[in-house]
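Visitor: give me coordinates for this.
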Amino acid sequence: MSSIFPREQRVEQLFDRILRDPRACRRLKETFYESCPETDLMDADSVEATDAIFANALIRAYQNQDLSAFLMAICGNSMFDLLRNSFLIPLRFNDKDVENPVILTDETGALRDNLPVAVPDKKYKIFCDLYREKPEIRDFQMCLAYGFRERHFYSEDLKVQTDKIGEHLGVLLLYQLPKDIENHAADAEIYATVWNYMMQLEETLPRAFMYYGKMEKDGKELESDRIGIFLPFHHFESRMKKYMEMANGIGLACRGNIVDMLRDRASITPAKK
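Guide: Predicted coordinates:
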């Protein structure tokens, strides 16, 4: 029997960082207990496993050494759902071919056609007011977007189901990285840098999302990686302009750190042909 989800790659460094950071340990614990239906902190959307689902998940987890199989039964989250929903790992753009975040505006700030979600006039007006005053930053883009997180659980017939949670409209800030990034740094190095700044982002602006990797446009992957910071209106609308300034400071510092690393590498390492 195979595991429900493919094993994530290169997780040792990530787990080590989480275990060495008391803030990260606290958030992971809180997310787990908030997801458990037996606790006083039970979320209204938590999934309570039936006896059959619980027993099947427990046995499957034992047989396959698959922790996610058991976690899904007791708290409605896989192992990496818990990490994502604790804001302990950045989200990859369009991970597993699921468009996330969904970009709702074009390069001029106008709404795109045939949007998959409704955009209230009030939210769009707030975005337009902010867009008119957006800072002049090189290789920077500001969009209205729809973002979400996911959790996984079992149906009664033991099929894996996926739910979107934390669905919000908000402002997405995008910072383009150099096009030749793969020539001078391993993905794990970029990930480690992004993780450090993501932790800073969560301490400064809790519940902001951080994305990274390659985005798609019109079904085609863009040439260069990007860092994205998503500020949901639900959490940040009251002082969005101020919060955007704070997020830009973190996003630009993250990009600057990566660019400096690439510049140092390029000076001593010949570029790949």
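
Visitor: low-scoring pLDDT stretches of the stretch 1-150 of the chain, where are they?
Guide: 1-10, 36-56, 62 (pLDDT under 70).

Visitor: let's go with 50 and repeat that
Guide: Within the stretch 1-150 of the chain, the segments meeting pLDDT under 50 span 39-45.

Visitor: now the helices for it?
Guide: With DSSP state H, counting those that start in this stretch as the criterion, the stretch 1-150 of the chain has helices at 12-19, 22-35, 51-64, 67-75, 79-85, 121-132.

Visitor: just send those back as TSV, with mean neighbour count and distance to residue 100 too.
Guide: (C-beta placed from N, C-alpha, C; glycine too.) Converted to TSV, the helices of the stretch 1-150 of the chain look like this (neighbours: other Cβ atoms under 10 Å; distance: least, Cβ to Cβ, whole Å):
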stretch	mean neighbour count	distance to residue 100
helix 12-19	13	20
helix 22-35	16	19
helix 51-64	15	26
helix 67-75	22	20
helix 79-85	21	11
helix 121-132	14	19
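
Visitor: out of those, flag the one nearest residue 177.
Guide: Nearest to residue 177 among these is helix 12-19; the distance by Cβ to Cβ comes to 20.0 Å.

Visitor: CA atoms only for the closest one, dumped as PDB, please.
Guide: Extracted in PDB, the C-alpha atoms of helix 12-19 (Å, rounded to 0.1, in the frame of the first residue of the first chain):
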ATOM      1  CA  GLU A  12      14.900  17.900   7.400                       C
ATOM      2  CA  GLN A  13      16.100  21.500   7.300                       C
ATOM      3  CA  LEU A  14      12.600  22.800   7.600                       C
ATOM      4  CA  PHE A  15      11.700  20.500  10.600                       C
ATOM      5  CA  ASP A  16      15.000  21.500  12.300                       C
ATOM      6  CA  ARG A  17      14.200  25.200  11.900                       C
ATOM      7  CA  ILE A  18      10.700  24.700  13.300                       C
ATOM      8  CA  LEU A  19      12.000  22.700  16.300                       C
END
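
Visitor: which residues touch it?
Guide: 24-25, 28, 83, 88-89, 188, 191-192, 195 (Cβ atoms under 8 Å, 6 or more residues apart in numbering).

Visitor: can you name the two of those that sit furthest apart?
Guide: Top of the distance list for those (Cβ to Cβ): 25 and 188, 21.8 Å.

Visitor: okay, now the domains of this protein?
Guide: Split into domains by automatic domain parsing, the chain comes to 1-89, 92-273.

Visitor: give the contact list for residue 196.
Guide: Residue 196 sits next to residue 254 when contact means Cβ under 8 Å, 6+ apart.

Visitor: can you add distance to residue 224 and give the contacts of helix 12-19 back as CSV?
Guide: Shown next, in CSV, are the contacts of helix 12-19 (distance: Cβ to Cβ, whole Å):
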residue, distance to residue 224
24, 29
25, 34
28, 32
83, 26
88, 26
89, 22
188, 18
191, 16
192, 19
195, 20
